[in-house]
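**Student:** here's a sequence, model it:
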Amino acid sequence: QVQLVESGGGLVQIGDSLRLSCAASGRTAPIYAMGWFRQAPGKDREFVGAIARNGGTTNYADSVKGRFTISRDGDKNTWYLQMNSLKPEDTAVYYCAAHSASLLFLQVSPEHWGQGTQVTVSS
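**Tutor:** Now for the predicted structure:
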């Protein structure tokens, strides 16, 4: 079993930055892809971005490219979502996710989910 725990959410102003963390525990050795999703009120959950465990590959949704950056600390089984230039439309519950196969598999159907952390961007 894999447990994922997010932290770092909160209330910020337009244009602010925020960094989310996801700590994995349990049977983490098979994890290859580490990523983030978000779900705004009344909307479906959407893919935000992902990174390979070796850090060699990343993938981002068009809506966050150039503003959000995913990084990871493989030794600590932790990954991060650095969010800059935040907008009201970034308001959502953010979930970290993981998959043992690939970034594409993670994007389509994650194997593991965190419980979510709220990010609210206020004007």
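
**Student:** which ones are touching the residue nearest the centre of the chain?
**Tutor:** In the chain, the residue lying closest to the centroid (Cα atoms, centre = their mean) is Trp36, at 2.2 Å. Each residue near Trp36 by Cβ atoms under 8 Å, 6 or more residues apart in numbering is listed here: Leu20, Cys22, Phe47, Val48, Gly49, Ala50, Ile70, Leu81, Tyr94, Tyr95, Cys96, Ala97. Every residue, glycine included, has its C-beta placed from N, CA and C.

**Student:** how about the helices in the chain?
**Tutor:** Listed from the start of the chain, the chain has helices (DSSP state H) covering 103-108.

**Student:** low pLDDT regions in it?
**Tutor:** Scanning the chain for pLDDT under 70 picks out 74.

**Student:** mind listing the strands for it?
**Tutor:** For the chain, strands defined by DSSP state E occupy the ranges 2-7, 10-13, 18-26, 33-39, 46-52, 58-60, 68-73, 78-83, 92-99, 112-113, 117-122.

**Student:** could I get those as JSON lines with distance to Phe105?
**Tutor:** Below are these laid out as JSON lines (distance: least, Cβ to Cβ, whole Å):
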{"stretch": "strand 2-7", "distance to Phe105": "15"}
{"stretch": "strand 10-13", "distance to Phe105": "31"}
{"stretch": "strand 18-26", "distance to Phe105": "17"}
{"stretch": "strand 33-39", "distance to Phe105": "7"}
{"stretch": "strand 46-52", "distance to Phe105": "10"}
{"stretch": "strand 58-60", "distance to Phe105": "12"}
{"stretch": "strand 68-73", "distance to Phe105": "16"}
{"stretch": "strand 78-83", "distance to Phe105": "16"}
{"stretch": "strand 92-99", "distance to Phe105": "5"}
{"stretch": "strand 112-113", "distance to Phe105": "12"}
{"stretch": "strand 117-122", "distance to Phe105": "23"}
